[in-house]
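A.B. asks: Whatever this is, show me its structure:
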Amino acid sequence: MTADRERRRAISREAARKRRQVESDVFGDLSRLLPLHPSIQTHLDKPSVIRLILSYIRIRTLFEGATHIHGGSVHMWRF
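C.D. replies: I've put the predicted structure just below:
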């Protein structure tokens, strides 16, 4: 029974490792979508990526709404 338990633990650890890798890949993809210099993108932690993505979406939505209202053009800048 101990060998079976150990096998299940090993399977569970491998599944958790794969989930963490997929999560890290997704956060890496999100950080690369941000309009930031690549040297900054590589040093962001996961909560910072979420906060910056949400802020970027809000600002972009705000500017797009302003463009429709005023009929002008708004340019997004890279920081």
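A.B. asks: Give the burial count for Leu34, as a bare number.
C.D. replies: 18 (other Cβ atoms under 10 Å). Every residue, glycine included, has its C-beta placed from N, CA and C.
A.B. asks: Next: Phe63.
C.D. replies: Phe63 has 14 neighbouring residues, counting by other Cβ under 10 Å.
A.B. asks: in which helix or strand would I find it?
C.D. replies: helix 46-70 (DSSP states H and E).
A.B. asks: for the helix ranked longest in the chain, which positions count as buried?
C.D. replies: In the chain, taking DSSP state H as the definition, the longest helix is helix 2-33. By neighbour count on 16 or more other Cβ atoms under 10 Å, the buried set for helix 2-33 is Phe27, Leu30, Ser31.
A.B. asks: And the last one, how close does it get to Lys18?
C.D. replies: Distance of Ser31 to Lys18, given as Cβ to Cβ, to the nearest Å: 21 Å.
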